[in-house]
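> starting from these lines, generate the structure:
(chains A and B)
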Number of protein chains: 2
Amino acid sequence: MDKMNQSSAEAEAETIEPLRYLSKGEAAAIETELLRDYRFGQQQLIEIWGQACALAITKAFPLSSLAKKQPTVLVICGPDQNGSIGLVCARHLRMYEYEPTIYHPQRSSQSLHQDFTVQCEKMDIPSLSYLPTEVQLINDAYNLVIDAMMGPDADCANLREPYPGILVTLKQIKIPIASVDVPSGWDVEEPSQDGINPEVLISLTAPKKCAISFSGKHFLAGRFLPYDIQKKYDLNLPDYPGTDCLIEL
Amino acid sequence: MDKMNQSSAEAEAETIEPLRYLSKGEAAAIETELLRDYRFGQQQLIEIWGQACALAITKAFPLSSLAKKQPTVLVICGPDQNGSIGLVCARHLRMYEYEPTIYHPQRSSQSLHQDFTVQCEKMDIPSLSYLPTEVQLINDAYNLVIDAMMGPDADCANLREPYPGILVTLKQIKIPIASVDVPSGWDVEEPSQDGINPEVLISLTAPKKCAISFSGKHFLAGRFLPYDIQKKYDLNLPDYPGTDCLIEL
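Below you'll find the model as predicted:
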């Protein structure tokens, strides 16, 4: 390599900064800024994220690739924002000709969460009243499980039933798991050694620290994020192709 | 054609019902049901529609097809819901590497409308304080105009300034106009003979009666619409391809 080429290669290497992985505090700070300063609405963000999750599922598990005759998907929704995103994801999957079933053990009293629940009910999306403890039943009935239980705001050290029980079940199932933002039961900043083991992770806005060495299929969904926030937090997000709202990392 | 083929052809013809074009009352009734019974939020619907409009613009006017060096677009936003949809459209166009400028003469006091305005301001999307009456200035500065002024709820017989003046300007410009849902100044149920003449129309949810003989490029964006509403109003919507949220009619 001659000198000129070398220095231009160095310059290029300098401009490609690595993607930032967020701490729990940074993830919370970005969301607060989006809501308070940029005046995004929670309903708006959940709709954007939920749809992006559904699109990620169509890329990771196209209808034509599913092992079972029926394109069944089990969507497990937690009580907070991650669960609402799961509900929106289920609704869009229904539109994309999948057959989602929702398991939503604790419904929030928050009116926004209830609205997303009614939208799914009115789309005739069935929901389970309990999760079978016999994992073979889950393996046989569904092509995959979407884990929309715990987001970065969850207090994983103090999970209460039914969530620890659900995690035990999810650790045993053989069908793939796709986790929304943070795999449930994992610490936001550290991958879990003995936790669930998702094949797919859909990071929202920017990936969290626990995803640094994630070895499965990893999508990022957060194209709506204003440039000033991207700069302020040095996110170094990749360029989204065309009009796609998500990218595989 | 033998008898069997003939009857199967007849059966097929019977099953393909024509797309419904909505009256003003039907359009309002569907929106009321979505909000009241299906518990969709206005913020959620405006985000869905605005993003679909931006995608329609990328299909009708791809970046590579634009006549001017800068990918400039003028988005004219009315005071009500159609204007909010225009604001969301502008925000997404910015993400898709277009250079939108907003003209938003009367800002609503509604907090939702204000929130969408702040989101654009925070994305550094410039806005005009007045529309030049010299149409050549508009022709020279922009590749196209997005007309997000009046929706199906507007009372076009009693428009007040500045809107009649804007319509006079839009009737004279030479660059293409893309209208959101209903071309501004048109009656919802009747195309206007001497009104603005958009090249592109983006119908939301289902087309309105004024679009029956629309001869330009016509997109439909409304894939989120629950099946029960589609059936109740005999909408006979086309199948959206893949995961697209809009379709060209």
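> residue A:95: what's it in contact with?
A:54, B:223-224, B:240 (CB atoms under 8 Å, 6 or more residues apart in numbering or on different chains). Backbone N, C-alpha and C define where each C-beta goes, glycine included.
> sorry, slip of the keys, the one I care about is residue A:131.
A:76, A:103, A:105, A:138, A:162, A:165-166, A:169.
> of those, which belong to strands?
A:76, A:103 (DSSP state E).
> only whichever of the contacts of residue A:131 are buried, select them in PyMOL.
The buried residues among the contacts of residue A:131 can be selected in PyMOL (16 or more other CB atoms under 10 Å in any protein chain shown) with this line:
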select buried, chain A and resi 76+103+105+138+166+169
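> can you lay out the contacts of residue A:131 as TSV showing pLDDT and distance to chain B?
TSV is the format used below for the contacts of residue A:131 (pLDDT from 0 to 100; distance: CB to the nearest CB, whole Å):
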residue	pLDDT	distance to chain B
A:76	98	22
A:103	97	20
A:105	92	21
A:138	97	26
A:162	92	25
A:165	94	30
A:166	95	26
A:169	96	30
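> how about the residues of chain A near chain B?
Within chain A, the positions lying close to chain B (CB under 8 Å from any CB of the partner chain) are A:37-41, A:43-44, A:47-48, A:54-55, A:58, A:91-92, A:95-96, A:112, A:114-115, A:118-119, A:122-124, A:223-224, A:226-228, A:240, A:243.
> buried subset of those residues?
Of the residues of chain A next to chain B, these count as buried by 16+ other CB under 10 Å: A:38-41, A:43-44, A:47-48, A:54-55, A:58, A:91-92, A:95-96, A:112, A:115, A:119, A:122-123, A:223-224, A:226, A:240.
> what's the end-to-end length of stretch A:73-90?
Length of stretch A:73-90, first residue to last, CA to CA, to the nearest Å: 9 Å.
> so which elements touch the helix or strand encompassing residue A:201?
Per DSSP states H and E, residue A:201 falls inside strand A:200-204. Packing partners of strand A:200-204 (3 or more CB pairs under 8 Å, 6 or more residues apart in numbering or on different chains; DSSP states H and E): helix A:42-60, strand A:177-180, strand A:217-221.
> 10 Å instead?
Strand A:200-204 sits against helix A:42-60, helix A:81-95, strand A:144-148, strand A:177-180, strand A:217-221, strand A:246-248, with contacts defined as 3 or more CB pairs under 10 Å, 6 or more residues apart in numbering or on different chains; DSSP states H and E.
> check the gap between the closest residue to residue A:78 other than its chain neighbours and residue A:53 for me.
Residue nearest to residue A:78 in three dimensions, not counting chain neighbours: residue A:149, with 3.8 Å by CB to CB, 6 or more residues apart in numbering or on different chains. As for residue A:149, its distance to residue A:53 is 13 Å (criterion: CB to CB, to the nearest Å).
> common neighbours of the two, please.
A:86, A:179-180 (CB atoms under 10 Å, 6 or more residues apart in numbering or on different chains).
> neighbour count and pLDDT for those residues - can I get that in a markdown table?
Listed next are the shared contacts of residue A:149 and residue A:53 as a markdown table, based on neighbours: other CB atoms under 10 Å in any protein chain shown; pLDDT from 0 to 100:
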| residue | neighbour count | pLDDT |
| --- | --- | --- |
| A:86 | 29 | 98 |
| A:179 | 29 | 98 |
| A:180 | 34 | 98 |
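> what is the nearest of those to chain B?
Nearest to chain B among the shared contacts of residue A:149 and residue A:53, counting by CB to the nearest CB, is residue A:86 at 15.7 Å.
> for the closest one, what are its contacts?
Taking CB under 10 Å, 6+ apart as the test, what residue A:86 contacts is A:46, A:49-50, A:53, A:75-78, A:100, A:102-104, A:116, A:120, A:146-149, A:180.
> and the residue nearest in space to the middle of chain A, how far is that from residue B:45?
Closest residue to the average C-alpha location of chain A: residue A:180 at 1.8 Å, with CA atoms, centre = their mean. According to CB to CB, residue A:180 stands 23 Å off from residue B:45.
> out of the helices and strands in chain A, which is least certain?
helix A:3-15 (a mean of 50; mean pLDDT, DSSP states H and E).
> tell me which helix or strand comes right after that helix.
Heading C-terminal from helix A:3-15 (DSSP H and E), you reach helix A:24-36.
> show me what that following helix is packed up against.
Checked by 3+ CB pairs under 10 Å, 6+ apart, helix A:24-36 has helix A:42-60, helix A:227-232, helix B:111-122 packed alongside it.
> count of neighbours near residue A:140?
Look at residue A:140: counted by other CB atoms under 10 Å in any protein chain shown, it has 13 neighbours.
> in the helix or strand harbouring it, what's buried?
Using DSSP H and E, residue A:140 maps to helix A:135-141. Using 16+ other CB under 10 Å as the test for burial, helix A:135-141 gives A:135, A:138.
> please apply the same query to stretch A:161-177.
Those would be A:163, A:166-167, A:169-170, A:173, A:175-177, for stretch A:161-177 by 16+ other CB under 10 Å.
> any idea which of the contacts of residue A:131 is closest to residue B:22?
residue A:103 (37.3 Å; CB to CB).
> quick check: closest non-adjacent residue to that closest one.
Nearest one to residue A:103, counting by CB to CB, 6+ apart, is residue A:128 at 4.4 Å.
> which residues touch the one you found?
Counting by CB under 10 Å, 6+ apart, the residues that residue A:128 touches are A:74, A:76, A:101-105, A:138, A:141.
> save these as JSON lines, and put in distance to residue B:210 too.
Listed next are the contacts of residue A:128 as JSON lines, based on distance: CB to CB, whole Å:
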{"residue": "A:74", "distance to residue B:210": "45"}
{"residue": "A:76", "distance to residue B:210": "46"}
{"residue": "A:101", "distance to residue B:210": "41"}
{"residue": "A:102", "distance to residue B:210": "40"}
{"residue": "A:103", "distance to residue B:210": "45"}
{"residue": "A:104", "distance to residue B:210": "42"}
{"residue": "A:105", "distance to residue B:210": "48"}
{"residue": "A:138", "distance to residue B:210": "51"}
{"residue": "A:141", "distance to residue B:210": "48"}
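> is it true that residue A:236 touches residue A:19?
Yes - in this structure, residue A:236 is within contact of residue A:19 by CB atoms under 10 Å, at 5.3 Å.
> okay, these two: which has more neighbours?
Between residue A:236 and residue A:19, residue A:19 has the larger neighbour count (other CB under 10 Å), namely 16 against 13.
> that one contacts residue A:230, doesn't it?
No - if you go by CB under 10 Å, residue A:19 and residue A:230 don't touch, sitting 11.1 Å apart.
> joint contacts of the two?
The contact lists of residue A:19 and residue A:230 share A:206, A:236-237, where a contact means CB under 10 Å, 6+ apart.
> which one of those residues sits closest to chain B?
residue A:237 (11.5 Å).
> low-confidence ranges, chain A, go.
A:1-15 (pLDDT under 70).
> repeat the analysis, applying 50 as the threshold.
A:1-6, A:9, A:13 (pLDDT under 50).
> give the contact list for residue A:203.
Residue A:203 touches A:19, A:21-22, A:56, A:179-182, A:210-211, A:214, A:218-222, A:246, A:249, counting by CB under 10 Å, 6+ apart.
> quick check: bridge partners of it?
residue A:220 (DSSP bridges).
> circling back: nearest to residue B:199 among the buried residues of stretch A:161-177?
The nearest one, if we look at those relative to residue B:199 and count by CB to CB, is residue A:176, at 45.9 Å.
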